[in-house]
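1. Fold the following for me, if possible:
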Amino acid sequence: MLQDKLQNLPSLLKLRHDLHQHPEVSGKENQTAASIVHYLQQYNPDQLLTGLGGTGVAAVFHGKNPEGPVVLFRAELDALPIAETNDQSYKSIRDGVGHQCGHDGHMTILTALGSLLHHHKPEKGKVILLYQPAEETGAGALAVLQEEAFQSLQPDYVFALHNLPGVPIHQVVVRPGVFAAASTGIVVELQGKSSHAAEPEKGMNPGEAMAEIVLEFNQIIRQKERFQDLTLLTVIHARLGEVAFGTNPGFATVMATLRSYLPADLQTLKTLTQQAVATISKSYGLSYQLRFVEEFPATVNHPEAVQVVQRSAARLNLEVKEAEHPFRWSEDFGHFTRQYKGALFGLGSGESQPQLHHSDYDFPDELIPTGAAIFYHISKEILSA
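-> Numbers count the residues shown, from 1 in each chain. Presented below is the predicted three-dimensional model:
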């Protein structure tokens, strides 16, 4: 099988463990990017771009005839601000930072694809390996897409995978249409007037307004008839002033995550929350600032691209399952599928595997040859058409 043709699998596993041991959070993936560039040079890519969207890397491999379709495969560079509780030999050396989403494995799969392309050159066209920064904050994909150097690559198709704990290992999960939900954070800052705690009448404490906003947010999301499909709002943080018993606080903050399968529902939720904040703030005579952060569009798969994934998995005798519903988590790969024909698909990482973002999660190494082989077959089908 093609998986067995990876001539340097031990070296690739060493790369994965090294990436795991030296994680870097979103926007600060400088050492990670440098390690990828250093490793890729042995495969002699025809073009190597760095600094995309901050720390992003793109390696371009030409076919024997470079004229033809251009296929892009993406992996993520960043880790999470989560302390790791595993005790493996390659445990993270950075306190409070770890690869609990498997981006170290995704990067290694992409690098293994580079090995296959180096030893089995496509007949025509080009393949782009994109190592994207800042996926976890939703900022990386958009930053890369805005780079003039990236825009010159002009991909025709884009693909990415994500490992899925709780799914049988090596099972391929696909879904035409919405694959992963849209989401955004909302930050509300209320401004009143502080005073001495002994003279609260001389200040303007925003505590009641803060509490009312939290209650109203929860009430909005309970009114399911306002939305067409799954729509969620999760209050994640609320803060009133500083911890000072002698002070009547003059400011407060409320933060929440808004999430939906459909873009229209997310827009409705954004409008309703903005209206609630404006009405409540006015009733208490408070000024406020409101902003949306970490915005992820829904990842919408093109049917044709999904069919290519299905056929490629079938050629490798892998089980393929179509997800009944989109996934609730978000992925900034949705920025790519907005502009290009493409698909994000899942690769099962084991039914007993700890869930993503859990402190004891670790990417299964046995997925590396499988993921690389699927990517290679996808490229082969498109570039041989």
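
2. and residue 166, how many neighbours?
-> Per other C-beta atoms under 10 Å, the neighbour tally for residue 166 reads 13. C-beta here means a position set from N, CA and C on the backbone, and glycine is covered the same way.

3. Identify the spatial nearest neighbour of it, chain neighbours not counted.
-> Distance criterion C-beta to C-beta, 6 or more residues apart in numbering; nearest residue to residue 166, sequence neighbours excluded, is residue 351 at 6.0 Å.

4. Now do the contacts for that neighbour.
-> Applying C-beta atoms under 8 Å, 6 or more residues apart in numbering, we find residue 351 in contact with 166-169.

5. which among those end up buried?
-> Neighbour-count burial (16 or more other C-beta atoms under 10 Å) is assigned, among the contacts of residue 351, to 167, 169.

6. would you list every one of the helices in the stretch 201-350 of the chain?
-> Ranges of helices within the stretch 201-350 of the chain are 207-222, 263-283, 303-315, 334-339, based on DSSP state H, counting those that start in this stretch.

7. mind putting the ones you listed in TSV, distance to residue 59 and mean pLDDT included?
-> Below are these laid out as TSV (distance: least, C-beta to C-beta, whole Å; pLDDT from 0 to 100):
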stretch	distance to residue 59	mean pLDDT
helix 207-222	43	98
helix 263-283	32	97
helix 303-315	21	98
helix 334-339	17	97
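
8. Pairing partners for whatever helix or strand residue 128 lives in, with directions?
-> Element membership for residue 128, per DSSP states H and E: strand 124-132. Looking at strand 124-132 with DSSP bridges, its partner strands are strand 56-62 (antiparallel), strand 65-76 (parallel).

9. Let me have these in JSON lines, extended by mean neighbour count, mean pLDDT and distance to residue 370.
-> Formatted as JSON lines, the strands paired with strand 124-132 follow (neighbours: other C-beta atoms under 10 Å; pLDDT from 0 to 100; distance: least, C-beta to C-beta, whole Å):
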{"stretch": "strand 56-62", "mean neighbour count": "23", "mean pLDDT": "98", "distance to residue 370": "20"}
{"stretch": "strand 65-76", "mean neighbour count": "21", "mean pLDDT": "97", "distance to residue 370": "14"}
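
10. before we move on, the earlier item: now the strand holding residue 128: how far from the chain's centre is it?
-> Put simply, strand 124-132 sits 19 Å off its chain's centre (C-alpha atoms, centre = their mean, to the nearest Å).

11. ok, now stretch 84-103?
-> With C-alpha atoms, centre = their mean, you get 18 Å for stretch 84-103.

12. cool, stretch 357-377 as well?
-> The chain centre lies 16 Å from the centre of stretch 357-377; the measure is C-alpha atoms, centre = their mean.

13. quick revisit: pick the most buried one from the helices of the stretch 201-350 of the chain.
-> helix 334-339 (a mean of 21; mean count of other C-beta atoms under 10 Å).

14. can you list contacts of that helix?
-> 72, 74, 141-142, 145, 158, 160, 180, 182, 296-302, 342-344.

15. And for stretch 26-34?
-> 19, 22-24, 50, 54-57, 77-78, 107, 131, 133-137, 139-140.

16. ok, 6 Å please
-> Identification of contacts with stretch 26-34 by C-beta atoms under 6 Å, 6 or more residues apart in numbering yields 22, 24, 54-55, 57, 77-78, 133-134, 136-137.

17. One more: stretch 228-248?
-> 195, 197, 200, 203, 205, 207, 210, 214, 217, 221, 249, 252-262, 265, 269.

18. Domain map for this protein?
-> By the assignment in automatic domain parsing, the chain contains the domains 2-179+298-384, 182-295.

19. Quick check: end-to-end length of the last one?
-> Separation of the first and last residues of domain 182-295 by C-alpha to C-alpha, to the nearest Å is 8 Å.

20. so how far is stretch 302-309 off the chain centroid?
-> Remark: stretch 302-309 is offset 20 Å from the chain centroid, using C-alpha atoms, centre = their mean.

21. What residue, apart from its backbone neighbours, is nearest residue 357 spatially?
-> Closest to residue 357 by C-beta to C-beta, 6+ apart is residue 100, at 5.3 Å.

22. Same question for residue 13.
-> Excluding its sequence neighbours, the residue lying closest to residue 13 (C-beta to C-beta, 6+ apart) is residue 365, at 5.5 Å.

23. How many neighbouring residues does that neighbour have?
-> When neighbours are defined as other C-beta under 10 Å, residue 365 has 14 of them.

24. And what about it, helix, strand or coil?
-> Secondary structure, DSSP: H, G, I helix; E, B strand; the rest coil: residue 365 is coil.

25. mind checking how far it is from residue 315?
-> 23 Å (C-beta to C-beta, to the nearest Å).

26. can you pull out the helices in the stretch 1-150 of the chain?
-> Taking DSSP H, counting those that start in this stretch as the test, the helices found in the stretch 1-150 of the chain are 9-21, 30-40, 103-119, 140-145, 148-151.

27. burial count for residue 369?
-> Residue 369, neighbours per other C-beta under 10 Å, totals 21.

28. Check which helix or strand it maps to.
-> helix 367-384.

29. can you put the strands paired with strand 124-132 in a markdown table and add distance to residue 307?
-> Formatted as a markdown table, those follow (distance: least, C-beta to C-beta, whole Å):
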| stretch | distance to residue 307 |
| --- | --- |
| strand 56-62 | 24 |
| strand 65-76 | 15 |
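
30. Ok, which of those comes nearest residue 371?
-> Shortest distance between residue 371 and these, using C-beta to C-beta, is found for strand 65-76: 9.4 Å.
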